[in-house]
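Q: The sequence isn't on hand, but the structure is:
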């Protein structure tokens, strides 16, 4: 299980995730949950949450779909096709209900078109690819606390400040929700530069950040 967040920043988009994944035997391992693909004048970001093996397969399927020459013109259709095929093959209705639930995945998908400046954000609900009406989207077991904080704190910030806000929200989720842990990874893409910037922060970095109570104490002390 996990938490992934995708959000607009000034002139771009930033995605954030934890890196912890549980194993079948009850252990933990460090895995990648954010994926990126760069086309001709555009970039694609994918954040994955849910059943680990299917998350990896789904991200690969989406990137294969993105390799089509007409992806930017037909991205809604291409993404929907990839998700429909994924569910049809790996989570068919013929499976027992408990196995269908075990295999559930959710993706946050972002597209930045550097030629037009357009930014698009989607979240999947089963095989449905839903356009997000807000400036951020979350998926995974930590999404409730992330949405609570982002609903109250989020503003479209410069990239550096947006990265700091997402890392802060991720740290709060790690401390409050089981199965969200490990490192914090952030991937950023900007309208005015090709490629992506990938950053990773270890748990020791989390421990050095201001606590939530430090940021709100002035409200009730009046100081």
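A: Cool, the structure landed. None of these values were measured; they are calculated from a predicted model.

Q: Show me where the protein dips below the pLDDT cut-off.
A: The model of the chain has pLDDT under 70 over residues 1, 23-24, 26, 215-223.

Q: Can you mark which positions in the lengthiest helix in the chain are buried?
A: Secondary structure assigned by DSSP state H gives helix 159-176 as the longest helix of the chain. For helix 159-176, a neighbour-count test (16 or more other CB atoms under 10 Å) marks 159, 162-163, 165-174 as buried. C-beta here means a position set from N, CA and C on the backbone, and glycine is covered the same way.

Q: How about the contacts made by the residue nearest to residue 178 when sequence neighbours are not counted?
A: In space, and not counting its chain neighbours, residue 178 is closest to residue 141: 7.5 Å by CB to CB, 6 or more residues apart in numbering. Residue 141 sits next to 1-3, 49, 177-180 when contact means CB atoms under 8 Å, 6 or more residues apart in numbering.

Q: and residue 37, that's in a strand?
A: Yes. Counting by DSSP: H, G, I helix; E, B strand; the rest coil, residue 37 is found in a strand.

Q: That one and residue 62, how far apart?
A: According to CB to CB, to the nearest Å, residue 37 stands 8 Å off from residue 62.

Q: what touches both of the two?
A: Residues touching both residue 37 and residue 62 (CB under 8 Å, 6+ apart) are 44, 46.

Q: Neighbour count for these two, which is higher?
A: The neighbour count for residue 37 versus residue 62, taken as other CB atoms under 10 Å, is higher for residue 62 (24 against 19).

Q: Show me the helices in the chain, by range?
A: In the chain, the segments counted as helices under DSSP H are 52-66, 75-90, 97-102, 143-153, 159-176, 203-208, 212-221.

Q: Touching, residue 13 and residue 186? I think so.
A: No. With contact defined as CB atoms under 8 Å, residue 13 does not reach residue 186; the gap is 11.1 Å.

Q: what about these two, which has more around it?
A: Counted by other CB under 10 Å, residue 13 and residue 186 do not tie: residue 13 has more neighbours, with 26 against 22.

Q: For that one, give me its contacts.
A: By CB under 8 Å, 6+ apart, the contact set of residue 13 is 6-7, 45, 110, 112, 119, 121, 188-189.

Q: Of the residues you listed, which is the nearest to residue 73?
A: Nearest to residue 73 among the contacts of residue 13 is residue 112, at 15.8 Å by CB to CB.

Q: Nearest to residue 20, out of the buried residues of helix 159-176: which one, please.
A: Comparing the buried residues of helix 159-176 against residue 20 with CB to CB places residue 174 closest, at 8.6 Å.

Q: how close does that closest one sit to residue 145?
A: Distance, residue 174 to residue 145, by CB to CB: 10 Å.

Q: for residue 35, same thing?
A: Distance, residue 35 to residue 145, by CB to CB: 24 Å.

Q: Which strand residues bridge residue 201?
A: Beta-bridge partners for residue 201, by DSSP bridges, are residue 184.

Q: That one touches residue 183, doesn't it?
A: Yes. Counting by CB under 8 Å, residue 201 does reach residue 183; the two are 6.2 Å apart.

Q: Once you drop chain neighbours, what's closest to residue 195?
A: Using CB to CB, 6+ apart, the nearest residue to residue 195 is residue 38, at 6.1 Å.

Q: what number of residues lie near residue 31?
A: Using other CB under 10 Å, residue 31 is surrounded by 16 other residues.

Q: re earlier: looking at the buried residues of helix 159-176, spot the one nearest residue 79.
A: Proximity of the buried residues of helix 159-176 to residue 79 (CB to CB) peaks at residue 166, which lies at 23.0 Å.
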